[in-house]
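Asker: need the 3D shape of this:
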Amino acid sequence: MTVTLRGGGLAEEQVVAVARNGEKVALSPVARTRMDRSRTRAERASSSREPVYGVSTGFGALAGTRVAPLRQPELQLALIRSHAAGIGAPVDVEVVRAMMLLRARTLAMGLSGVRPQVAEALLAALNAGVTPVVPRYGSVGCSGDLAPLAHVALVLVGEGEATAGDGDAKPAAQALRAAGLKPLKLETKEGLSLINGTDGMLGMLSLACADAEILFRTADITAAMSIEGLLGTDRPFQAHLHEIRPHPGQVASAANLALLLSKSEIVASHRHSRHAVQDSYSMRCSPQVAGAARDTLDF
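Answerer: Now for the predicted structure:
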């Protein structure tokens, strides 16, 4: 099923589907209309007498320097070239794909002043399996994943490196050409809008959360198997014992263990012939440990 960007949020499952499973992505007509309106405002600001940072001015110490409308696209290209300065081994393809999807989603909100073609360029690369090579280190963090997103933007304009079907890094222009895609020509504000965000760390977080949820289920299953193997009891996992504490994760893990062990013939075989008063701490308090991790994820 195609994931459609409408200008709202994305579910974690959608990010995983695109980043890991190659699900196709499309831009909705509603999002395109919203972006057109935002673009009109940006173009109006670019020629206004009132200076607009990063649109009709330089960046940082050059914020007081006016940039003529005809040179504003040049400024945007220079911005992404100068910020594509990451170092280290490339991050995983799935992380870059998540980053691309989330940046396109942000642009689709229609608040960034870019043409719909910019978001569509990201989606076209995603759908064609063209993945920018993004070095692992260099993000500013709270001010934005400027360097990682600049490496992504660089590929959209036909520069930098990308991987495609064979997984080997190659010049971006070559990867785009092989996929039947043309380099994007940036206009006013579009370079800034492509890199000023936290989609790199958000992409990593989305995938990590998806992995954590799998690990939590695995932890409960492993605990249940350990209890069986060590001839433990399921009595510590009764619901009323856990519901008296305000810890939803603990309640959820206890419920999972109770369900997993409810039809265990091994547990039932020694339920009335036990000599130990209670099981070891690591067995009977498994929900308290796994539950705290669940609560952290849900925080």
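Asker: tell me where the model's unsure across the stretch 151-299 of the chain.
Answerer: Residues of the stretch 151-299 of the chain that meet the criterion pLDDT under 70 lie in 273-276.
Asker: recalculate using a threshold of 80.
Answerer: 166, 270-277 (pLDDT under 80).
Asker: quick one: the helices in it?
Answerer: Applying DSSP state H, counting those that start in this stretch to the stretch 151-299 of the chain gives helices spanning 172-178, 190-195, 199-229, 239-242, 248-261, 265-269, 281-284, 286-298.
Asker: relative to Ala61, which of the ones you listed is closest?
Answerer: Comparing the helices of the stretch 151-299 of the chain against Ala61 with Cβ to Cβ, the closest turns out to be helix 190-195 (16.1 Å). Using the backbone N, CA and C atoms, a C-beta is placed for each residue, glycine as well.
Asker: can I get the helices of the stretch 151-299 of the chain in TSV with distance to Pro69 and mean neighbour count?
Answerer: Putting the helices of the stretch 151-299 of the chain into TSV (distance: least, Cβ to Cβ, whole Å; neighbours: other Cβ atoms under 10 Å) gives the following:
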stretch	distance to Pro69	mean neighbour count
helix 172-178	28	19
helix 190-195	14	28
helix 199-229	29	17
helix 239-242	65	13
helix 248-261	55	20
helix 265-269	75	13
helix 281-284	68	14
helix 286-298	48	18
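Asker: let's have those helices in JSON lines, adding distance to Asn127.
Answerer: Shown next, in JSON lines, are the helices of the stretch 151-299 of the chain (distance: least, Cβ to Cβ, whole Å):
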{"stretch": "helix 172-178", "distance to Asn127": "13"}
{"stretch": "helix 190-195", "distance to Asn127": "18"}
{"stretch": "helix 199-229", "distance to Asn127": "17"}
{"stretch": "helix 239-242", "distance to Asn127": "46"}
{"stretch": "helix 248-261", "distance to Asn127": "37"}
{"stretch": "helix 265-269", "distance to Asn127": "50"}
{"stretch": "helix 281-284", "distance to Asn127": "47"}
{"stretch": "helix 286-298", "distance to Asn127": "30"}
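Asker: which residues make contact with stretch 80-97 from outside it?
Answerer: When contacts are defined by Cβ atoms under 8 Å, 6 or more residues apart in numbering, stretch 80-97 is touched by residues 18-20, 126, 131-139, 146-148, 150-154, 157, 159-160, 163, 167, 169, 186, 191, 194-195, 200, 203-204, 207.
Asker: and Met35, which of the helices of the stretch 151-299 of the chain is closest to it?
Answerer: helix 190-195 (10.4 Å).
Asker: and that closest one, how far from the chain's centre?
Answerer: 18 Å (Cα atoms, centre = their mean, to the nearest Å).
Asker: ok, now stretch 228-237?
Answerer: That offset, for stretch 228-237, works out to 39 Å (Cα atoms, centre = their mean).
Asker: show me what counts as buried in it.
Answerer: Residues of stretch 228-237 classed as buried: 228, 232-234, 236-237 (neighbour count, 16 or more other Cβ atoms under 10 Å).
Asker: from Arg6, how far off is the residue nearest to Gly110 when sequence neighbours are not counted?
Answerer: Distance criterion Cβ to Cβ, 6 or more residues apart in numbering; nearest residue to Gly110, sequence neighbours excluded, is Arg34 at 2.9 Å. Note on Arg34: its distance to Arg6, by Cβ to Cβ, to the nearest Å, is 9 Å.
Asker: what do those two both touch?
Answerer: Ala108.
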